[in-house]
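Q: can't give you the sequence, but here's the structure:
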């Protein structure tokens, strides 16, 4: 839907930002799981902040 309204380039940038955000959150989740032996609410909050920040940085740099 984003491609139809905003153009293919914008849709690809958004998809790339989402993939980068998911990757960063996945890396942090793996690290926290190994380090703490599981996850807590604080870890979930950190995952959300990491994903949002990563997506914004990718979009700002492109």
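A: Arrived safely. Bear in mind that the values here come from a model prediction, so they are computed numbers and not experimental data.

Q: in the helix or strand where residue 26 lies, which residues are buried?
A: When secondary structure is defined using DSSP states H and E, the element that contains residue 26 is helix 8-36. Along helix 8-36, the positions that meet the burial threshold by neighbour count (16 or more other C-beta atoms under 10 Å) are 13, 14, 17, 20, 21, 24, 25, 28, 29, 32. Quick note: C-beta positions are derived from backbone N, CA and C, even for glycine.

Q: excluding chain neighbours, what is closest to the first one?
A: Spelled out, it's residue 13. residue 62 (5.2 Å; C-beta to C-beta, 6 or more residues apart in numbering).

Q: which ones are touching that neighbour?
A: Shown here is residue 62, whose contacts under the criterion C-beta atoms under 8 Å, 6 or more residues apart in numbering are 13, 16, 17.

Q: for residue 56, same thing?
A: Residue 56 sits in contact with residue 17, where contact means C-beta under 8 Å, 6+ apart.

Q: so where does it fall, helix or strand?
A: Here residue 56 is assigned to helix 41-61, by DSSP H and E.

Q: and what of residue 39?
A: With DSSP H and E as the criterion, the answer for residue 39 is that it lies in no helix or strand.

Q: surely it touches residue 33?
A: Yes - between residue 39 and residue 33 there is a contact at 6.3 Å, judged by C-beta atoms under 8 Å.
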